[in-house]
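Enquirer: need coordinates for the below:
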Amino acid sequence: MIAAEEYGRALYTLANEDGGDASAHAYLQTLQQIDTLLSDQPAYRTLLDTPALPTDEKLGLIDAAFGGCEQNILNFIKILCEKRAVFQLHACVDAYAKLYREQHAMTEARCVSAYPMTQEQTEALRAKLSAMTGKDVSLICDVDTALIGGMVVYVDGKRLDGSIRARLDAFRQGLEETIV
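Expert: Take a look at the predicted model:
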């Protein structure tokens, strides 16, 4: 088992040495694309991790699939393959992305609302979260009708719950604790 955070940090350091911010950003985009491809093809990812196939053949498959990538990224995937840790690519990419966001005063937020938000609402929330965190916020929006109304926002390890469901739950708990 590999330490995904250390591998992500090592690749981030290598990207910065390779070409600074522009290279680090390009690496991030490529890594995310590869991660998405492998997530969409779990059988292929499993094939790259299996001990049943000789390592040379697996490395050849990586060259065929990702040969057009930056050499350092290609070598990184090959190292994961040799260690039978391709399944941990996602964790490595997450660690890399976290370092990138920290270095560039960026953060990712997730908003779950009862109904789909309009573009104006999404942009207003993003601006408010940016002002609150002091960082450039990338916002991912999901819908969960179980919230009844309102929204729950996850940002920088915090949960901001403004849903009607949370208010009803708090009200119910208050009633249960009331002595009559």
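
Enquirer: following the chain past the helix or strand hosting residue 59, name the next helix or strand.
Expert: Using DSSP states H and E, residue 59 sits within helix 55-66. Later in the chain than helix 55-66, the nearest helix or strand by DSSP H and E is helix 71-82.

Enquirer: for the helix holding residue 59, C-alpha coordinates in PDB please.
Expert: Extracted in PDB, the C-alpha atoms of helix 55-66 (Å, rounded to 0.1, in the frame of the first residue of the first chain):
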ATOM      1  CA  THR A  55       4.200  -6.000 -15.500                       C
ATOM      2  CA  ASP A  56       5.800  -5.500 -18.900                       C
ATOM      3  CA  GLU A  57       2.500  -6.000 -20.600                       C
ATOM      4  CA  LYS A  58       0.700  -3.700 -18.100                       C
ATOM      5  CA  LEU A  59       3.300  -1.000 -18.800                       C
ATOM      6  CA  GLY A  60       2.800  -1.500 -22.500                       C
ATOM      7  CA  LEU A  61      -1.000  -0.900 -22.000                       C
ATOM      8  CA  ILE A  62      -0.200   2.300 -20.100                       C
ATOM      9  CA  ASP A  63       2.100   3.500 -22.900                       C
ATOM     10  CA  ALA A  64      -0.600   2.700 -25.500                       C
ATOM     11  CA  ALA A  65      -3.400   4.400 -23.500                       C
ATOM     12  CA  PHE A  66      -1.500   7.400 -22.100                       C
END
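
Enquirer: got the contact list for residue 65?
Expert: Residue 65 makes contact with residue 44, according to Cβ atoms under 8 Å, 6 or more residues apart in numbering. Bear in mind the C-beta positions are built from the backbone N, C-alpha and C, glycine included.

Enquirer: state the distance from it to residue 97.
Expert: According to Cβ to Cβ, to the nearest Å, residue 65 stands 22 Å off from residue 97.

Enquirer: could you do residue 153 as well?
Expert: 19 Å.

Enquirer: among these two, which residue is more densely surrounded?
Expert: residue 153 (21 against 18; other Cβ atoms under 10 Å).

Enquirer: hey, what's that one bridged with?
Expert: residue 111, residue 160 (DSSP bridges).

Enquirer: and it, what pLDDT?
Expert: Looking at residue 153, its pLDDT stands at 96.

Enquirer: wouldn't it be in contact with residue 160 here?
Expert: Yes: between residue 153 and residue 160 there is a contact at 4.4 Å, judged by Cβ atoms under 8 Å.

Enquirer: chain center to stretch 80-92, what's the gap?
Expert: Offset of stretch 80-92 from its chain centre (Cα atoms, centre = their mean, to the nearest Å): 16 Å.
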